[in-house]
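Peer 1: Fold the following for me, if possible:
(chains A and B)
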Amino acid sequence: MEEKQPPLLKIEGLEASIDETQILKGINLEILPGEVHAVMGRNGSGKSTTAHVLMGHPDYEVTKGKIHLEGNDLLEMEAYERARAGVFLSFQYPHSVPGLQVGNFLRRSVSAIRGEEAAKGPEFRNMLKEGMEQLGLDRSFLSRYVNDGFSGGEKKRFEILQMMLIKPKLAILDETDSGLDIDGIRTVAQGVDSAIRGSNSGALIITHYNRILEHVKPDRIHVLIDGRIVKSGGPELATELEERGYDWIEQELMDNE
Amino acid sequence: MSEDAREAVGDYKAGWHDPENATIRFDFGLSEQVVRDISALKNEPEWMTEIRVKAYHHFMERPMPTWGNMHMLEEIDFDKVCYYLRSSDATEKNWEDVPDDIRNTFDRLGIPEAEQKWLSGVTAQYESEAVYHSIREDLEEQGVIFLDMDSGLREYEAIVKKYFCSVVPFSDNKFSALNTAVWSGGSFIYVPSGVHVEMPVQAYFRINAKNMGQFERTLIIADEGSSVHYVEGCTAPTYSTDSLHSAVVELIALPGAHIRYSTVQNWSANVYNLVTKRGIAHENATIEWIDGNIGSKLTMKYPAVILKGEGAHAEVISVAYSGKGQHQDAGAKIHHLASNTTSKILSKSISKNGGRGSYRGMVTVSPKAENCKVNVVCDALLLDEDSRSDTYPTMEVGNSGARCEHEASVSKVSDDQLFYLMSRGHSEEEALALIVNGFFEPFTRELPMEYAVELNQLMALEMEGSIG
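Peer 2: Reported below is the predicted structural model:
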C-alpha cells in the first residue's frame, strides 16, 4: 500500500477581502514537497492577493478558510513568523529601504530565518558569491541600499538572490517574470530549480505569461478567475492558455452552469 | 502603527544615579556673588572674573528667545538650578584614583574600555568638574595640548585669553551669556602646525545630581595644516525635575586645518539642552559638525561655521530623534564670508509618539564672496500621525555667483515597507529599527564605528515597544 505524502501547503476554502471587498472566494490548493505549481489568470483575478494573503499582509482580511504549512496554521502567524516557518514571497514590487545595505540586509534576514550560524562563516559567503555570479550581480551590489534606485531587472534578481540564501520551504513568486528579458527569466528559472528541485521545498509561481513556465516546468497549473480556481491541469494547460486565452474557460464555466 | 507601549523614559539605559557626594555644592539660584564665588574658587585671573560678571548682567537683562519652543523655555526656573557642584577634589590621570562611585558610572558607560581601544585621549566630566583626564604620551610629545578648560586657563592663559569669546561672544544669546558667567569644565585643545591626531579624542559629560546645571566650555584650536577629531557623549539620570545643560563650544581652524567635532547627545528626557557651537574656518580650512541628538527634553542647537578664509569648507551633518514629550530644535548656520567657500548641510529627523523635530537653518553668502557653493538637504521621517516635523530654512545670498541647492522631504514609514521587511523574518519592531537606522545611515557612517554601533543599538531600543 502506498502511503500518501502529507502536503507541504494546504489551502482550504480560502476567502479574503480588502477594504470590505471580497477578492478570494474559496481557494483550494495542495502542494506536495518538491512540487512546483503555477497560478495563472488575468489581471484582477486575485493572483497577487493570493500571494499577499499567504505571506500575511495586514491589509487583507481572511474571512473564511484555512492555510497550513506542514500542518502548521499560518493564519495564526504574523508575516515574520510565517517567514521563519518557511514561507518566502518574491515581491512583484519590492519596497526600497534607503540606508540599509544589501549585504547587511541579507545577513540579517538569513540570520532571522535560518539562525545566526547560517549567516556567518565561509559557507554563507560562498553561497552568496555563487548566487550573485549565477544571477549576474556585481560585488558592488552588496553595498547598495535595498531596492533603492534598482532597475526592474535588478529588483527581481535581488528577490531571487534572497530566496536562494533564505532557502524557504515554500517560495511564492509573484509576477517575478514581468519586467525581465529572456535571459533574466532563464536565470530566475535556474534559481527556482536549484532552490526547489530535489528538495522537500515547493514553489507557487504566479504569472500571467507562459514564458517562465517554459523554463521552470511546473507540475500543476491552476487557472484563477474571479477569486476561484476554476481549472487545474498539467503543464499542457499553460500552452493551451497561451494559444487560446482565457475566454474558452469562461465559456466552459458558463456552459456548465 | 499604533501607540507606544512604554513610558517615554522607561527604556533609557543611562537613567540611574549615584548617591550625591558633593565636596562643594552651591545653593540653588544665581547672583553676581555666585558668579564671583565660582571664579574665586577656581583662582581665576581678574580678566576672566570680569567677563563672567559682565556676562551675568547680560544674561539677566537679555529676554528669552522668542522662537524655538517658547513654552518649554518659559518653564525653566533659573532659581532652582544648582550652578556649581564638585564631587571630586582632583582631576585624576588614572581611573583607579577616581572616587569609586564616579568611576563605576563611567565604567557602566564603557568609557575606560573605549579609551583603551580607540581613543587618543579622554576627559570625563562629572557635574561641574573633570574627574579624569588623559592623553596619549606620543601626542603630548608632539606638542598637542588636551586639558580640561580650567587647567587650560591656568596653564595656557595667553592662548585662552586670545581666543575665549572670540568666536562666540557672551552677548551672542541668552544662554551663551549664562555659560560665560558660570562656566566650569569642558575641554581645551591645541594642535600644533602640521600635527595630525589620528585617533579621536573624547570628552564624556555626565550630570548626576538633581536640578543640576552643567555649563562646560570648550575651546579647540587647530594650528596651520593640523587635524583633530573630537568626540563627545553625554547622559544623565532620569529625574522628575529638570536639569539644565548649556555649553559653549568655540573652534578655530587656522589655514589648512581640519576639525571634526562629533556629538552623540543622549541626555535623559528631563534635561534642557541649550548649546551654542560655532567655529571659524580660515583659508582652506575645514570644520565639520557631526551632531546627533537623541535625548533631552528640549534641545536648541545650531552648530555654526564662519567661513572666513578663501577656500574654506563647512559641513554639518545632524540627526535628531524626538520621542514623547521631546522637542529637538536643531539645525545649522553657515556664513560664507570669503570666496570659493563651500558648505554642506544634511539634516535628518525622526519623530515618534508625538515628538517634535524642527530643522532651523541659516546660510548667508556675503556680497564679496565669489563662487560659493551651498548644499542643504533636510529629510524628516514621521513614525506616526501624532508626531510633528517643521522646517525653517533661511538663505540670504548676497552674491549672484553663488550656487545654492536646497532639498527637503518628509516621509512616513509605510505598511508596505514594514511588510516587505517582515516577510524577511523581521518582527515589526526590528523592521522599524532597520528603516530608522537606514534613515540615519548617512550620519552614522561618519561616526567612529564604536559610536555608530552604539547609536544603532540606541535606536533599536527606542523602537522597542513602539508597536502595539
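
Peer 1: Check the secondary structure at the nearest residue to A:E30 once chain neighbours are set aside for me.
Peer 2: With CB to CB, 6 or more residues apart in numbering or on different chains as the criterion, A:E30 has its nearest non-adjacent residue at 4.5 Å, and that residue is A:P7. All C-beta atoms are positioned from the backbone trio N, CA, C, and that covers glycine. Recorded secondary structure, A:P7: coil (DSSP: H, G, I helix; E, B strand; the rest coil).

Peer 1: what about A:P7, how many neighbours?
Peer 2: With neighbours defined by other CB atoms under 10 Å in any protein chain shown, the count for A:P7 comes to 18.

Peer 1: contacting residues for it?
Peer 2: Taking CB atoms under 8 Å, 6 or more residues apart in numbering or on different chains, we find A:P7 in contact with A:30-32, A:68.

Peer 1: biggest separation within the residues you listed, which pair?
Peer 2: Using CB to CB, the pair of the contacts of A:P7 lying farthest apart is A:L32 and A:H68, separated by 13.1 Å.

Peer 1: quick one: low-confidence parts of the chain?
Peer 2: Picking chain A for this. By pLDDT under 70, the weakly predicted segments of chain A are A:1-4.

Peer 1: not quite, I wanted chain B
Peer 2: Those would be B:1-11, B:465-468, if you go by pLDDT under 70 across chain B.

Peer 1: Spell out, range by range, the helices that occur in it.
Peer 2: B:32-41, B:46-61, B:70-74, B:100-108, B:111-118, B:137-141, B:149-155, B:157-163, B:174-182, B:415-422, B:428-444, B:449-463 (DSSP state H).

Peer 1: tell me the most buried of these?
Peer 2: Among the helices of chain B, helix B:174-182 has the highest mean neighbour count (mean count of other CB atoms under 10 Å in any protein chain shown), at a mean of 26.

Peer 1: distance of the residue nearest to A:E30 from A:I205?
Peer 2: Between A:P7 and A:I205 the distance is 17 Å, computed by CB to CB, to the nearest Å.

Peer 1: Repeat that for B:L432.
Peer 2: For B:L432 relative to A:I205 (CB to CB), the value is 31 Å.

Peer 1: Likewise for A:P168?
Peer 2: 13 Å.

Peer 1: Overlap of the contact sets of the two?
Peer 2: Joint contacts of A:P168 and A:I205 (CB under 8 Å, 6+ apart) do not exist.

Peer 1: Can you tell me the closest non-neighbouring residue to the closest residue to chain A within chain B?
Peer 2: For chain B, the residue closest to chain A is B:G438, as judged by CB to the nearest CB, at 3.0 Å. In space, and not counting its chain neighbours, B:G438 is closest to A:G99: 3.0 Å by CB to CB, 6+ apart.

Peer 1: I'd say B:S296 and B:V275 touch.
Peer 2: No - counting by CB atoms under 8 Å, B:S296 sits too far from B:V275 to count as a contact (9.9 Å).

Peer 1: In terms of neighbours, single out the busier of these two.
Peer 2: B:S296 (28 against 25).

Peer 1: Now do the same contact list for the more buried one.
Peer 2: B:245, B:265, B:267-269, B:271-273, B:326, B:328.

Peer 1: would you list those in a markdown table and tack on distance to A:L137?
Peer 2: Output for the contacts of B:S296, formatted as a markdown table (distance: CB to CB, whole Å):
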| residue | distance to A:L137 |
| --- | --- |
| B:H245 | 49 |
| B:Q265 | 40 |
| B:W267 | 44 |
| B:S268 | 46 |
| B:A269 | 45 |
| B:V271 | 47 |
| B:Y272 | 50 |
| B:N273 | 45 |
| B:Q326 | 42 |
| B:Q328 | 39 |
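
Peer 1: okay, the residues you listed in JSON lines with distance to chain A next?
Peer 2: Formatted as JSON lines, the contacts of B:S296 follow (distance: CB to the nearest CB, whole Å):
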{"residue": "B:H245", "distance to chain A": "29"}
{"residue": "B:Q265", "distance to chain A": "21"}
{"residue": "B:W267", "distance to chain A": "25"}
{"residue": "B:S268", "distance to chain A": "27"}
{"residue": "B:A269", "distance to chain A": "26"}
{"residue": "B:V271", "distance to chain A": "28"}
{"residue": "B:Y272", "distance to chain A": "31"}
{"residue": "B:N273", "distance to chain A": "26"}
{"residue": "B:Q326", "distance to chain A": "22"}
{"residue": "B:Q328", "distance to chain A": "19"}
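
Peer 1: out of these, which are inside strands?
Peer 2: B:245, B:265, B:271-273, B:328 (DSSP state E).

Peer 1: B:T66: which of the residues you listed is nearest?
Peer 2: For the ones in strands among the contacts of B:S296, the nearest to B:T66 is B:Y272 (16.9 Å; CB to CB).

Peer 1: how close does the closest one sit to B:I435?
Peer 2: Applying CB to CB to B:Y272 and B:I435 gives a distance of 30 Å.

Peer 1: check contacts around the residue of the stretch 1-150 of chain A found nearest chain B.
Peer 2: Using CB to the nearest CB, the single residue of the stretch 1-150 of chain A nearest to chain B is A:G99, 3.0 Å away. Counting by CB under 8 Å, 6+ apart, A:G99 touches A:145, B:437-442.

Peer 1: which bits of chain A sit near chain B?
Peer 2: A:55-59, A:78-80, A:82-84, A:88-89, A:91, A:94-101, A:105, A:108-109, A:112-113, A:145-146, A:162, A:166 (CB under 8 Å from any CB of the partner chain).
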